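Trainee: Show me how the following folds:
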Amino acid sequence: MNLVISKSKLYDIIQKALPIIPIKSSLQILSNFKIKFSKNDISISASDLDQSIICSSECETDIKTEITINAKKLYEIVRELPEGNIYLSVDVNVLNIENKKGFSCKIAGISSQEFPDFPEIKEGVSFSISPKVLKEMTIKSSFAVSKEDTKSGLNGIYWKFDQGKTGMVATDGHRLGCSFTKMNFKLEKNFSFICNPKSLNHIVNILKEDNDEEKIDVLVGEKYVIFTFSDIKLCSKLIEGPYPDYEKVIPKSSPKKAIIDKNLIFDAVKRVSVLTTQNSWLIKFIFKNNLLEIIVQNKDIGGEAREIVPIEYTGPEHIIGFNSKYLLEILNLISSNKIRFEMNTQLSPCLIFPELEKDKEKTFDDLFLLMPLRIIE
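Mentor: Numbers count the residues shown, from 1 in each chain. Modelled structure (predicted):
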């Protein structure tokens, strides 16, 4: 008997599983989906050994079988099919795909016995979290994850549960992003772990079109964390720690404070940074009495760009350099109309906060840190 499923349902679960397939792998089986037929259900699994996902959907079938098929080819075939029902069947290690409009094809597969098992967590900490909270914390931290393989702990997002709040932190030594919110999880003790940013970002991408009211169930074990939501289970291998004490790099005193309209500074930095060099992306800020002068000099082409932005700042003139690319990335993550810069010396870390209106409730406690660049005149 055939398994019958609409193209839209099959294509949806294929799209959600495909990003887990590794681009390159010495194991051929990891280039495949494991497709499992069971009563009125089809599931597609993918794994790169660090991450595993199972995406399921309702269908019409009463047969039980499974097979592994090249993921990219299956994706390309289903993508090109017209809307309507798709008929799937398995003959030994061959998947047959048909529709009522005359299309049919066969793809040879591999026995599913070679496919890695989905990890199990026998003992762990479990809790539920809203998609909105998970999205916010992930987006505001993941940008700062280190890309260097030598810094294993910094390759992940540090997820912390402490004193009635939870939050995520990431840093690469040049910038830092963290977002915390109050929690009402019933946990026996405070704990933390380092999560794979690819897994969290993949969940965020999947959740974009999903109902935000639905909770995500999370189970954290010794080596893995499992996320369960909708008809999806995603398991991610935890990154070994310990995570560096990020609080040590956050200045305790930053006496120079400036409040700036976010859109004004974002647009001004974007304009003048056209002249930055890709070696440093250096942009110079000069804070004066209620004015900010933004300057970029490019000696390679003999060019200079500058713009003056009105701000709220009183105090001594303060000159500081930033990586414009990193700064724009942080500004783009802040949704408030105004932002607050807190600084000390030319080489001290600069703290950037959303500046909320007085009558607006603070849902997330966000902090961004940017290390200055040395200005050589």
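Trainee: contacts for stretch 255-266?
Mentor: Stretch 255-266 is contacted from outside by 287, 292, 294, 309-313, 315-316, 318, 328, 331-332, 334, 336-344, 355, using Cβ atoms under 8 Å, 6 or more residues apart in numbering. Using the backbone N, CA and C atoms, a C-beta is placed for each residue, glycine as well.
Trainee: Output it as PDB, nothing but the C-alphas.
Mentor: C-alpha atoms of stretch 255-266 as PDB (Å, rounded to 0.1, in the frame of the first residue of the first chain):
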ATOM      1  CA  PRO A 255      31.000  57.200  34.200                       C
ATOM      2  CA  LYS A 256      30.600  58.500  30.700                       C
ATOM      3  CA  LYS A 257      27.000  58.000  29.600                       C
ATOM      4  CA  ALA A 258      25.300  59.000  26.300                       C
ATOM      5  CA  ILE A 259      21.700  58.500  25.200                       C
ATOM      6  CA  ILE A 260      21.200  58.400  21.400                       C
ATOM      7  CA  ASP A 261      18.300  58.000  19.000                       C
ATOM      8  CA  LYS A 262      18.900  54.500  17.600                       C
ATOM      9  CA  ASN A 263      17.700  55.100  14.100                       C
ATOM     10  CA  LEU A 264      19.800  58.300  13.800                       C
ATOM     11  CA  ILE A 265      23.100  56.600  14.900                       C
ATOM     12  CA  PHE A 266      22.300  53.400  12.900                       C
END
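Trainee: buried set for that stretch?
Mentor: Lys256, Lys257, Ala258, Ile260, Asp261, Lys262, Ile265, Phe266 (16 or more other Cβ atoms under 10 Å).
Trainee: again, but for stretch 347-357
Mentor: For stretch 347-357, the neighbour count (16+ other Cβ under 10 Å) marks Ser348, Pro349, Cys350, Leu351, Ile352, Phe353, Pro354, Glu355, Leu356 as buried.
Trainee: What of stretch 105-121?
Mentor: In terms of neighbour count (16+ other Cβ under 10 Å), stretch 105-121 has its buried residues at Gly109, Ile110, Ser112, Phe115, Phe118, Pro119, Ile121.
Trainee: Of those residues, which is the nearest to Ile53?
Mentor: Nearest to Ile53 out of the buried residues of stretch 105-121 is Phe118 (Cβ to Cβ; 8.7 Å).
Trainee: ok, the closest one - contacts?
Mentor: Contacts of Phe118 by Cβ under 8 Å, 6+ apart are Ser45, Ser47, Ser52, Ile54, Lys233, Cys235.
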